[in-house]
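A.B. asks: Provide a 3D model corresponding to the input given below.
(chains A and B)
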Amino acid sequence: METLTAVLITVIGAATPLVFAATGELVAEKSGVLNLGVEGMMLLGAVAAFAVALTTGSATLGILAGAAAGAALALVFALLTLTLLANQVASGLALTIFGIGVSALIGRSFVGVPLQRLPQLDLPGISDLPILGPLLFSHDALVYLSILAIPATIWFLERSRAGLILRAIGENHQAAHALGHAVIKVRYLAVMFGGAMAGLGGAYLSLAYTPMWAENMTAGRGWIALALVVFATWRPGRLLLGAYLFGGITVAQLHIQGFGFDIPSQFLSMLPYLATIAVLVAISADGARARLNAPASLGRIFYPEA
Amino acid sequence: MRPRLEARIGVSGAMVYVTPVLAVVLTMACGSVLFAALGHNPAAVLYAFFVQPISSAYGLAELTIKATPLVLCAIGLSFGFRANIWNIGAEGQLTLGAIAGGGLALWAGDDASVWFLPAMIIASLLGGAAWAAIPAYLKTRFNANEILTSLMLTYVAILLLSYLVHGPWKDPDGYSFPQSRMFADSVLLPLLTMGTRLHLGAPIALLLALAAWWVMARMFVGFQIKVVGLTPAAAGLAGFSVRRLTWITLLTGGALSGLAGLFEVAGPIGQLLPSISPGYGFTAIIVAFLGRLHPLGILLAGLLIALSYLGGETVQIELGLPLAVSGVFQGMLLFFLLASDVLVRYRIRWGRSVIVQEAG
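C.D. replies: Modelled structure (predicted):
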């Protein structure tokens, strides 16, 4: 039982960066913007969080720096695609290439430097409960924040007026514009929210999951987050489920290696990527269902007709 | 008075050529600021980055060697990008080409006949195309997004290569380093000049670029690709099969990337290693856009981006900056290019909007 609990805790760790990054991307996509730069924003968030936490000694400042760095890079993307009307796919790819380079440049002096892991927030009494205590009530602040982000996002998109406007813009930007909604402004905010969340996902990686900095340490998680949004058919609840499923696959892969099965480690490392493809195929095959929640204006450039 | 954008009726012919130059200038300016901020003399960095690497014949040969895989991958990608098919897994297709061609070279052994080289080239074309066929099949059969599937397959391909050089293809006399045996000299690409590493792959890439230009400008399939990309509705009305073009563009891109992979392992590298490319397949995306998705433009862009790799190596040696500087320059270049592209399709107007009577 103890090992099972330990395994489940590592699943939470592997899932949390995906929850952050994918939730942010979901909101941006709901406003009609496809930002493929998640990987780059996560990396910049990871290195910024690590650098600030290390130099100031404050994990909180590190987390804020991670979010700010992700949002700053997202601002570049917003400027390109929303103000200068550049192609969203190409701009997102540029963001990732730039993010990989610039994070490696900034993080050069931090490679191999150890950092205190983000502290667990133990709740007196209930954290000591058997099984449930360590499983549910002894995580760091970012894990709780990532879980809370899901109901908050659902409430925002489904129940709030601002969320309704954001979805309307994502469905039909010309109509929303004609109704007097500020398409560009809302999309700027949605894209920057996406960047901040990707930055938080990166911050979780470099402060808590593996408290260190390494070049390219996201290892494709930003892309998996993008796939998760499709997998979740743009629903935050399913997104949480998907992220934990992927966290499970990542961890299972490590444990199969640990149990001494005679499978080359490289084949096991392929699992998360192959699972992503399998899941994408399964979801996309039923075209009607996959498109039901997809924002109709996703990826289209907005240029006011009148 | 606020600036606003006004759509041009067509694209601006002049701006198509001006904006790449503008992007390069802005990148250099921005790079100078960045290096000054990092405490380096910008002039010294820019000199080491852009001038020093190509101030010798050897340097120019190295530039061509690095441009070869970039041009090959970018030409393949440009076919797809024109048709709005976003294959971003060229790095994986390159890796599979190297595995297929390199595997044949290892199988041939030390006294391989020179006729193995053409067979290796065919194997690499097939290997890359096979890897690209997976996203093509998943896209046309299951409607799965090719951006994500082709990218995920890149990770799988790199892990497959890692398995091969750590496992079955490892050099038994290699002191347990993860690398294959060296290929026989007879199956390496012939060198073109004495004293440099310039190999036969470079002129082949040049010929393929010219062939691609012919396909795009003169052949019906090139016309179909352009129509599908510009106005999918018109392509549908004309009866062009998007499914067929998806297959054609992905397989072409995969085959050319596979060839690029073979040219690396049967050229400058000479064996299989865990890492055979510093991200050529990804950087080729920048090359394709910088070259305006035009084969001749891609030739020029390939040389420029190759310089950014050489420059990155030079500043690493001379100034102790990390290789990642190349990525920073490449990313900035693409940013500025995409940003200045607005001038191609729009003009900047000052002041309030007025009703303009447009022709037609």
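A.B. asks: which residues touch the residue positioned nearest the centre of chain B?
C.D. replies: Among the residues of chain B, the one closest to the centroid is B:Ala284, at 2.0 Å (Cα atoms, centre = their mean). Counting by Cβ atoms under 8 Å, 6 or more residues apart in numbering or on different chains, B:Ala284 touches B:69-70, B:73-74, B:77, B:90, B:257. Where C-beta positions appear, they are placed from N, C-alpha and C, glycine not excepted.
A.B. asks: let's go with 10 Å and repeat that
C.D. replies: B:69-78, B:88, B:90-91, B:94, B:253, B:256-257, B:260, B:291, B:298, B:301-302, B:305 (Cβ atoms under 10 Å, 6 or more residues apart in numbering or on different chains).
A.B. asks: what's the answer for A:Val102, then?
C.D. replies: A:40, A:43-44, A:47, A:69, A:73, B:34, B:324-325, B:327-328, B:331-332.
A.B. asks: And B:Asn87, by the same measure?
C.D. replies: Counting by Cβ under 10 Å, 6+ apart, B:Asn87 has contacts B:73, B:76-77, B:79-81, B:93, B:132, B:135-136, B:139, B:146-147, B:149-151, B:246, B:249-254, B:257, B:281, B:285.
A.B. asks: Could you restrict those residues to the ones contacting chain A?
C.D. replies: Of the residues in the contacts of B:Asn87, proximity to chain A by Cβ under 10 Å from any Cβ of the partner chain holds for B:81, B:135, B:139, B:147, B:149-151, B:285.
A.B. asks: count of residues packed around A:Trp120?
C.D. replies: Slight slip there: residue A:120 is Gln, not Trp. By the measure other Cβ atoms under 10 Å in any protein chain shown, the count of residues near A:Gln120 is 15.
A.B. asks: Work out for me the element the residue of the stretch 51-200 of chain B found nearest chain A sits within.
C.D. replies: Proximity to chain A, evaluated over the stretch 51-200 of chain B using Cβ to the nearest Cβ, is greatest for B:Tyr163 at 3.8 Å. B:Tyr163 is part of helix B:146-166, with elements assigned from DSSP states H and E.
A.B. asks: which helices and strands does that helix pack with?
C.D. replies: Applying 3 or more Cβ pairs under 10 Å, 6 or more residues apart in numbering or on different chains; DSSP states H and E, one finds that helix B:146-166 contacts helix A:88-107, helix A:221-231, helix A:265-269, helix A:271-285, helix B:90-108, helix B:116-142, helix B:242-264, helix B:280-290.
A.B. asks: re the thing from before, thought the residue of the stretch 51-200 of chain B closest to chain A was touching A:Ser269?
C.D. replies: Yes. Contact status for B:Tyr163 versus A:Ser269: in contact at 9.3 Å, counting by Cβ atoms under 10 Å.
A.B. asks: just to revisit the earlier point, look up how far chain A lies from the residue nearest to the centre of chain B.
C.D. replies: 11 Å (Cβ to the nearest Cβ, to the nearest Å).
A.B. asks: Pretty sure A:Phe267 sits against B:Leu164.
C.D. replies: No. If you go by Cβ under 10 Å, A:Phe267 and B:Leu164 don't touch, sitting 11.5 Å apart.
A.B. asks: Report the contact partners of the residue lying closest to B:Leu256 once chain neighbours are set aside.
C.D. replies: Nearest non-adjacent residue to B:Leu256, counting by Cβ to Cβ, 6 or more residues apart in numbering or on different chains: B:Gly76, 3.5 Å away. B:Gly76 makes contacts with B:87, B:90, B:93-94, B:128-129, B:132, B:208, B:212, B:249-260, B:281, B:284, B:288, as judged by Cβ under 10 Å, 6+ apart.
A.B. asks: Now do residue 214, the pLDDT please.
C.D. replies: Here I'm looking at chain A. A:Ala214 is assigned 91 on the pLDDT scale.
A.B. asks: wrong one, I was asking about chain B
C.D. replies: For B:Trp214, the model assigns a pLDDT of 91.
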